[in-house]
Every structure is written in structure tokens, then in C-alpha cells.
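Asks: Sequence and predicted model, in that order:
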Amino acid sequence: MDVGQCPVRLNKEIDGFALNRVQYAIIAESWRLVEEGFISVRDIDLVMSEGLGMRYAFIGPMETMHLNAPAGLEDYLQRYRTGMRRVLSSAGPVPQFSGEAVERITKI
């Protein structure tokens, strides 16, 4: 039976599946943005369903970077690494996903 998935190989052991690790990173940042009032639940879901999700349904993050600069991945990093690092450094700690935030966010 074909389930429409492709196997991937991890080169060394790490906690969690690769897919879950990437998904959790997206969930954590989405949670922080909603919890801190930067965006609504509805709008962060739209960011994924109408934006990033549509892109990543066809190509992954590394290929996206490679194709988004005239000279490939190294060119992309040369152009955007400073901005990427600035944004990533403002991400903050891993959310607790509990307490008052859960009550507030799930009522939205």
C-alpha cells in the first residue's frame, strides 16, 4: 500500500522525527506571535495555508533559498543572513504551551 510519503535518512540520532522537529519550530514561532499579540490565530493560519504551506508543498526550505537568489544558496545567504539572524535572535525562548496562554488562545 502506498501512503504517499518518501523515506528520509537521518545521518545521526536526534530526539524526534525530522518532520516533527521542523513542525515544532513553526508551531513555536506561530504560538509566540499569537501569544504576544503580533498576529491573530486566524491570520497565522492564513500565513501557512495561503503562503508558506503552498510553497513548501512543492519545494523545501533549502531549495527555496537556492531558487530565490540568482547565484543559488550561497548568494541567498550573502543577501539575507543578517536579516535572518536578526529575526531569529528575537524569537525568544521555547513556549510552555500551558497555563493562561492556552486558555486565552483557545478562546480566540
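Replies: Done, it's in.

Asks: so who does the residue nearest the centre of the chain touch?
Replies: For the chain, Ile26 is the residue whose C-alpha lies nearest the centre (Cα atoms, centre = their mean; 3.2 Å). Ile26 sits next to Met48 when contact means Cβ atoms under 8 Å, 6 or more residues apart in numbering. The way it works is simple: take the backbone N, C-alpha and C, and place the C-beta from them, glycine included.

Asks: Below-threshold pLDDT in the chain: ranges please.
Replies: Nowhere does the chain drop to pLDDT under 70.

Asks: That one: strands as residue ranges?
Replies: In the chain, no segments count as strands under DSSP state E.

Asks: show me where it has helices.
Replies: For the chain, the helices defined by DSSP state H cover 18-35, 41-47, 53-56, 61-67, 73-89, 100-106.

Asks: Turn the ones you listed into TSV, columns for distance to Pro7.
Replies: Listed next are the helices of the chain as TSV, based on distance: least, Cβ to Cβ, whole Å:
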stretch	distance to Pro7
helix 18-35	11
helix 41-47	29
helix 53-56	19
helix 61-67	18
helix 73-89	24
helix 100-106	35
